[in-house]
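**Student:** Next input, structure requested:
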Amino acid sequence: MLITYLTLTLARAMAEPFCQVLEQIRDMAKEELYGEDKIKQELLELQMRLEMDELTDEEYAMAEAALMERLEEGRRRRGEGGED
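**Tutor:** The predicted structure follows:
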């Protein structure tokens, strides 16, 4: 019984730093995908590409709609306390 307890305690202690790293990676990925500043920067870049005739109006509209959806999703997630 003592060996089982010690084994489980050790396993938890070893897994905790790994879980913390995974949580940090998750948070960074969420920020990359739903971060308001990141999305606004992408919108500016999109506008510049349109002005430089690298995109058609249709391509711009589709990309802008996708970015706006991400922006709204990010705001929704933050409003719910960051839950998925």
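**Student:** distance between the longest helix anywhere in the chain and the chain's centre?
**Tutor:** Ranked by residue count and defined by DSSP state H, the top helix of the chain is helix 2-34. Centroid displacement of helix 2-34 relative to its chain, using CA atoms, centre = their mean, to the nearest Å, is 19 Å.
**Student:** And that helix, what does it pack against?
**Tutor:** helix 57-79 (3 or more CB pairs under 8 Å, 6 or more residues apart in numbering; DSSP states H and E). Bear in mind the C-beta positions are built from the backbone N, C-alpha and C, glycine included.
**Student:** quick one: buried residues of the helix it packs on?
**Tutor:** Buried residues in helix 57-79, counted by 16 or more other CB atoms under 10 Å: 60, 63, 64, 67, 70, 71, 74.
**Student:** Pick out the residue closest to the middle of the protein.
**Tutor:** The residue lying closest to the centre of the chain (CA atoms, centre = their mean) is residue 30, at 1.5 Å.
**Student:** Next one: that residue, what pLDDT does it get?
**Tutor:** The confidence metric pLDDT takes the value 91 at residue 30.
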